[in-house]
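**Q** give me a 3D structure for the following:
(chains A, B, C and D)
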Protein chains: 4
Amino acid sequence: MDIIVLKPSATEDDIRHIVKKLESKGLKANISKGTERTIIGVIGDTSRVSEDEENAIKAIEAVESVTRIIKPYKLASREFKKDDTVINVRGIPIGGKKVQVVAGPCAVENRTIVLNIAEKVKAAGASFFRGGAFKPRTSPYSFQGLGVEGLKILAEARELTGLPIVTELMDPRDIDVVAEYADVIQIGARNMQNFRLLLEVGQTDKPVLLKRGLSATIKEWLMAAEYIMSKGNQNVILCERGIRTFETATRNTLDLSAVPLLKELTHLPVVVDPSHGVGKWNLVIPMSRAAVAAGADGLLIEVHTNPEEALSDGEQSIKPDVFKQLMEEIRPIAEALGRTV
Amino acid sequence: MDIIVLKPSATEDDIRHIVKKLESKGLKANISKGTERTIIGVIGDTSRVSEDEENAIKAIEAVESVTRIIKPYKLASREFKKDDTVINVRGIPIGGKKVQVVAGPCAVENRTIVLNIAEKVKAAGASFFRGGAFKPRTSPYSFQGLGVEGLKILAEARELTGLPIVTELMDPRDIDVVAEYADVIQIGARNMQNFRLLLEVGQTDKPVLLKRGLSATIKEWLMAAEYIMSKGNQNVILCERGIRTFETATRNTLDLSAVPLLKELTHLPVVVDPSHGVGKWNLVIPMSRAAVAAGADGLLIEVHTNPEEALSDGEQSIKPDVFKQLMEEIRPIAEALGRTV
Amino acid sequence: MDIIVLKPSATEDDIRHIVKKLESKGLKANISKGTERTIIGVIGDTSRVSEDEENAIKAIEAVESVTRIIKPYKLASREFKKDDTVINVRGIPIGGKKVQVVAGPCAVENRTIVLNIAEKVKAAGASFFRGGAFKPRTSPYSFQGLGVEGLKILAEARELTGLPIVTELMDPRDIDVVAEYADVIQIGARNMQNFRLLLEVGQTDKPVLLKRGLSATIKEWLMAAEYIMSKGNQNVILCERGIRTFETATRNTLDLSAVPLLKELTHLPVVVDPSHGVGKWNLVIPMSRAAVAAGADGLLIEVHTNPEEALSDGEQSIKPDVFKQLMEEIRPIAEALGRTV
Amino acid sequence: MDIIVLKPSATEDDIRHIVKKLESKGLKANISKGTERTIIGVIGDTSRVSEDEENAIKAIEAVESVTRIIKPYKLASREFKKDDTVINVRGIPIGGKKVQVVAGPCAVENRTIVLNIAEKVKAAGASFFRGGAFKPRTSPYSFQGLGVEGLKILAEARELTGLPIVTELMDPRDIDVVAEYADVIQIGARNMQNFRLLLEVGQTDKPVLLKRGLSATIKEWLMAAEYIMSKGNQNVILCERGIRTFETATRNTLDLSAVPLLKELTHLPVVVDPSHGVGKWNLVIPMSRAAVAAGADGLLIEVHTNPEEALSDGEQSIKPDVFKQLMEEIRPIAEALGRTV
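**A** Take a look at the predicted model:
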């Protein structure tokens, strides 16, 4: 609520009315009368002025626009914390020098298949294992996940391979059981602004992988992180997974420029999910290379031993041998940036 | 999964492989070899083939594309039910000849203000009262609603005015208390694909007002309605509230063409929320007229006695006298369409 | 270039550097040091500061953002000219009380068909006749229009019916011949930022119908109008025809909120093309009603006697009897707004 | 026009009508009656069926949808030409093993500055020099370029450095003079569907750098290339420069997934312009690395010796020393892909 521009028709009374309103909130007004507009600069701790109060100022008829100068997020901002946040998951750091690769099937379908995929991605060099036990699906008639049964299979995969588990939470009522089995709790794109869910994971001490919403701006995404952090959990990992645009040749448009931009705005680690970002398995390797080159701290890759029998997202899953090639192709890119894989 | 187009490089073996796969699902294949591509038409009850199985077919390397002919929603479709669904709320029909107007403040802030607004909108001709007790807010530092206290104030407003109550549910854990007080349960735009919430309201018998997600396609929106209906609750009201586009001069882009399009695709009532759709109070009247002219069954209007003190969405709220004018301006439009207000 | 926000790291030297730069352009700086940021308000005639100079200020490392307060267009703005511009075309006013309807085929294909359509739309109450002699087509293999031959057929249609002609100019080299035959020169959506074409029509005295670009903001659209007006031609009609969004159920998303918003920002007449806006003939009538209800000064409607033989845009063309019904349905809407059709 | 899906209400008469229509165009119909819909597969050389005829089929009331199987572009397609097109410009190949870097100021402003920049980018390793003599600007009040004077300065820069020149053509009337000075003719994003301009450059033998339109799909972009190629000029270079989305934190959203996707669909070289793609100079290096990692054949980089005095696009221009660093950072990425810089 830092800069208020008045309409040309604004009167002295209007100005007095606004100044009084600001003073009632403990703020001061710096009035600057230009040749075409009067501008009121708001001085004081405007970070305590809420979005609501800002909107209420906009409701005044004499006001043309209100421009906020201070960022609406604080804990997530680079200004608040200069150094990169490195999140430690069972001894594996996310946000440090090593680019961490999270791999696994979209959904946990069946114990044998899942354990097999886990072993394969471990052998190829993955650092984390992923898989959905609770699945958000567009259709009520699609496979919705195995639930707790799926979480148990994931735990078994962890035992087998030693890879920490990343899995999705969809419902605040499942927080305890998911937190029991998961090493990193994923919040999916469709739940990025499910604020109750955010508050819930904010009260655990588990690292949270927060996917960007399909039409979320960078600012809204950081505000979602702020929700979690405001409850005490500072271990948030941001995951770019493509945004919705007019282009239909790819499933989404992977916004890789978000990576270096976030590195400026926030201290949180940033990873990229090219599988959902493009939705086509044969584009996953080049976009993984590009994500690492853009500065991503990690990748989320959908891997399946038999994509054409996968119960979810078969078209964007790669086979273990393609995943192995992916690991080989990103290594020199990471090294060019002074990192490891 | 109805039409499978193969790549030019597809071999006879590829074709046999796909045909076998289809037959294993109880379907038949109609193979049509063109000069440039082979196309496989899938015959049988493809509506039972899930999105997942479709994606799995896409994962086959010889497949270029899969085009679904059958709509993925059934209960929500006009083909399934020819006649318009009319939903009766305390004796007031939504989806019938009368255009119903739902009015009230964005958030329930304070008993006196809310009751005052309720009386004013009742006097101006509103048929329903709206107000949020649980508020989804972009910032964790914004006003989050009064919760159950707010629901009680809404009930009091209903007692005072006789207007049924529309209010939002954000968390599946609040379903019982919200259902106790609300006459219509609203699912907000950010929760349109909060599938657990959809399943929950699908198990009540309360009418559900389902807002379109910020970047939801018409198809995804109808699939969200299908989630609710698949659990037994057929009383779904669709609410267009603007989509996210590149244009920033308005808060969202109100997609009024969704109204006549939905009238073709579905039997469910369709209402429009121009307040959120444009985000500027002075555009609310013309867009209300346009919504009624496009064929909307109702409107959702944010009204506040003192927008510049509103705790939420002040800039898009209109005052009671402007609301009165709105009611007067939409009346002749409704009548031109053979409807009443 | 009116408000310059500095980074927290900005030094006194940075501030002096910027102030000096402003003073060299004849402007003064109002420095306001807040607790978290320093803000420089620019005082003086900033309307003379170009977009380029604004961008150059952004290039200074100490600068976080530059917010422009003054609108970048002047001649097109409502502030510059309070009263509505009414454009007189052969005695028919556009922008006045009467809602003007421009109807005709997408492309001029064949003399007999075109003359027949012209008579039919005239009989149903159209005020203008439209048709493309030069056609911008996505594919080089599509019908590209009859060229000058098409212009002659349009002139014949005008003679036959008395309806003034609206037709598109695609190439600055065709300006003389198009101006010879047309009463209103149309600039298509794909040419909205073909700046050479804009300058060319700015030098004629013919009214210009300027379609909104597929991804043009309201501001860019008004800047395109400013291009024409800056050359002396004040007779610009703005035509909303749908913008490109993620939704594919309609050809474009018709942004009707642009109509009342433009009425605030500019004095120029605003018309709506629902045929291109939705791309489906059966949605044209409801969206025409909505456009008139939103306050449009006119409509552009594609009409064809035999859409399934049309050489262009058959799917969105309506037949003459449907057009007749459209005219009947918009009449009471216009009257509800105190207008005529 | 390959697959026609009929509405459930379609009759035998409707089917006969459509079959007859197809036969009149020399095509055959393969009718497949499913339980819920009848589908007509169109057999024969449907590549000769135009977009117009497809739309006309959609205009038939009994038709629900028409799905085109054959790609609407031919000369540009990978199917038509398997091998990568390598374009030779004064002995420098674009589309081969070496990643070519095109660098220079946005606009040609002044002889001394331009020659100085040319020497600097040459020294840092650029292969081409770029600069606009004719500038498409959003505002009529912005600097519009030096015109022919600018072309002469570019020619002088070429003489000085030996670097071939890339410069933009905006107006078909300037084709001769631009072709006289330029080595590669650039078609800007706003002119991607300026079809007359495309036909004009299609008749020269100069390589054409075709920028993607702000809201152009990959398909439309390839159709624009097809326009040029259909006139005989096969030397088209595609340039991804960011698309328009809802995100405002960057100037555009750079769609790097377009790079590997185009490599599948077309044989033409693909380069990336990260300067326009992100619009912020400090994101140019990471996005250049990402573009090379995604497989781009080249980069377009805006370089200026004094961005804060640049007459155009200062905020996204990098200084020569940053450009030098850019060259050093992309080298190991290119080498990781088996390429050189």
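
**Q** now do the contacts for whichever residue of the stretch 151-300 of chain A sits closest to chain B.
**A** Nearest residue of the stretch 151-300 of chain A to chain B (CB to the nearest CB) works out as A:Ser215 at 3.4 Å. Bear in mind the C-beta positions are built from the backbone N, C-alpha and C, glycine included. Taking CB atoms under 8 Å, 6 or more residues apart in numbering or on different chains, we find A:Ser215 in contact with A:243-244, B:214-215, B:244, C:246, D:246.

**Q** again, 6 Å this time
**A** Neighbouring residues of A:Ser215 by CB atoms under 6 Å, 6 or more residues apart in numbering or on different chains: A:244, B:214-215, B:244, D:246.

**Q** just put those residues in CSV and tack on distance to D:Ile94 and secondary structure.
**A** Output for the contacts of A:Ser215, formatted as CSV (distance: CB to CB, whole Å; DSSP: H, G, I helix; E, B strand; the rest coil):
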residue, distance to D:Ile94, secondary structure
A:Arg244, 33, coil
B:Leu214, 41, coil
B:Ser215, 37, coil
B:Arg244, 37, coil
D:Phe246, 33, coil
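
**Q** so how far is the lowest-mean-pLDDT helix or strand in chain A off the chain centroid?
**A** Least confident element among the helices and strands of chain A, by mean pLDDT, DSSP states H and E: helix A:51-58 (a mean of 76). With CA atoms, centre = their mean, to the nearest Å as the basis, helix A:51-58 stands 27 Å off its chain's centre.

**Q** do the same with stretch A:4-24
**A** 39 Å.

**Q** buried ones in it?
**A** Neighbour counts over stretch A:4-24 (16 or more other CB atoms under 10 Å in any protein chain shown) mark A:4-6, A:10, A:14-15, A:18-19, A:21-22 as buried.

**Q** of the residues you listed, which are in range of chain C?
**A** A:Val5 (CB under 6 Å from any CB of the partner chain).

**Q** save the buried residues of stretch A:4-24 as JSON lines, and put in pLDDT, distance to chain B and secondary structure too.
**A** Below are these laid out as JSON lines (pLDDT from 0 to 100; distance: CB to the nearest CB, whole Å; DSSP: H, G, I helix; E, B strand; the rest coil):
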{"residue": "A:Ile4", "pLDDT": "88", "distance to chain B": "12", "secondary structure": "strand"}
{"residue": "A:Val5", "pLDDT": "86", "distance to chain B": "14", "secondary structure": "strand"}
{"residue": "A:Leu6", "pLDDT": "89", "distance to chain B": "14", "secondary structure": "strand"}
{"residue": "A:Ala10", "pLDDT": "91", "distance to chain B": "14", "secondary structure": "coil"}
{"residue": "A:Asp14", "pLDDT": "92", "distance to chain B": "12", "secondary structure": "helix"}
{"residue": "A:Ile15", "pLDDT": "92", "distance to chain B": "15", "secondary structure": "helix"}
{"residue": "A:Ile18", "pLDDT": "90", "distance to chain B": "10", "secondary structure": "helix"}
{"residue": "A:Val19", "pLDDT": "90", "distance to chain B": "14", "secondary structure": "helix"}
{"residue": "A:Lys21", "pLDDT": "87", "distance to chain B": "8", "secondary structure": "helix"}
{"residue": "A:Leu22", "pLDDT": "87", "distance to chain B": "12", "secondary structure": "helix"}
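
**Q** kindly report the residues of chain A close to chain C.
**A** So chain A meets chain C at A:3, A:5, A:30, A:32, A:34, A:37, A:41, A:43, A:67, A:69-70, A:244, A:246 (CB under 6 Å from any CB).

**Q** just the ones of those residues in strands?
**A** Counting by DSSP state E, the part of these found in strands is A:3, A:5, A:30, A:32, A:41, A:43, A:67.

**Q** report the two of these separated the most.
**A** Pairwise distances across those peak at 16.0 Å for A:Val5 and A:Ile43 (criterion: CB to CB).

**Q** A:Gly132: how many residues sit nearby?
**A** 27 (other CB atoms under 10 Å in any protein chain shown).

**Q** if you could redo that for A:Ile60, that was the one I meant.
**A** Residues near A:Ile60, counting by other CB under 10 Å: 20.

**Q** now do the contacts for the residue lying closest to A:Lys28 once chain neighbours are set aside.
**A** What sits nearest to A:Lys28 in space, not counting adjacent residues and going by CB to CB, 6 or more residues apart in numbering or on different chains, is A:Ile43, at 4.4 Å. By CB under 6 Å, 6+ apart, A:Ile43 lies in contact with A:28, A:30, C:34.

**Q** how about the residues of the stretch 1-150 of chain A near chain B?
**A** With the criterion set to CB under 6 Å from any CB, the stretch 1-150 of chain A comes near chain B through A:50-52, A:55-56, A:58-60, A:72, A:136, A:138-143.

**Q** list the buried residues in whichever strand or helix holds A:Ala155.
**A** In the assignment (DSSP states H and E), A:Ala155 maps to helix A:148-161. Buried residues in helix A:148-161, defined by neighbour count with 16+ other CB under 10 Å: A:150-151, A:153-155, A:157-158, A:161.

**Q** ok, now stretch A:58-69?
**A** For stretch A:58-69, by 16+ other CB under 10 Å, it's A:58-60, A:62-64, A:66-67, A:69.

**Q** what sits up against that stretch?
**A** Here stretch A:58-69 has contacts from A:1-7, A:10, A:14, A:54, A:57, B:307-308, B:314-315, C:5, C:37, C:67, using CB under 6 Å, 6+ apart.

**Q** quote the end-to-end distance of it.
**A** End-to-end span of stretch A:58-69 (CA to CA, to the nearest Å): 15 Å.

**Q** ditto for stretch A:247-263
**A** 27 Å.

**Q** ok, stretch A:239-255 next?
**A** 11 Å.

**Q** how far is that stretch from where the chain is centred?
**A** With CA atoms, centre = their mean, you get 14 Å for stretch A:239-255.

**Q** pLDDT averaged over it - what is it?
**A** The average pLDDT for stretch A:239-255 rounds to 97.

**Q** and stretch A:202-214, by the same measure?
**A** Stretch A:202-214 comes out with an average pLDDT of 97.

**Q** dump the C-alpha coordinates for it into CSV.
**A** Extracted C-alpha coordinates of stretch A:202-214, given in CSV (Å, rounded to 0.1, in the frame of the first residue of the first chain):
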residue,chain,number,x,y,z
GLY,A,202,3.6,-25.9,8.2
GLN,A,203,3.1,-27.5,11.6
THR,A,204,5.1,-30.6,10.9
ASP,A,205,8.9,-30.7,10.8
LYS,A,206,9.0,-32.6,7.5
PRO,A,207,10.5,-31.0,4.4
VAL,A,208,7.8,-29.9,2.0
LEU,A,209,8.1,-30.0,-1.8
LEU,A,210,5.7,-27.3,-3.0
LYS,A,211,4.7,-27.6,-6.6
ARG,A,212,3.8,-24.4,-8.5
GLY,A,213,0.1,-24.1,-9.4
LEU,A,214,-0.9,-24.4,-13.0
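
**Q** how about that stretch and chain D, touching?
**A** No - with CB under 6 Å from any CB as the criterion, chain D is not reached by stretch A:202-214; the gap is at least 10.1 Å.

**Q** so which bits of that stretch are buried?
**A** For stretch A:202-214, by 16+ other CB under 10 Å, it's A:202, A:204, A:206-214.

**Q** in strands, which of those residues fall?
**A** Using DSSP E, the buried residues of stretch A:202-214 in strands are A:208-211.

**Q** want to throw those residues into TSV with distance to A:Gln193?
**A** Below are those laid out as TSV (distance: CB to CB, whole Å):
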residue	distance to A:Gln193
A:Val208	14
A:Leu209	16
A:Leu210	11
A:Lys211	11
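
**Q** need the residues you listed in CSV (columns: distance to chain B).
**A** What follows is these, written out as CSV (distance: CB to the nearest CB, whole Å):
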residue, distance to chain B
A:Val208, 14
A:Leu209, 18
A:Leu210, 14
A:Lys211, 13
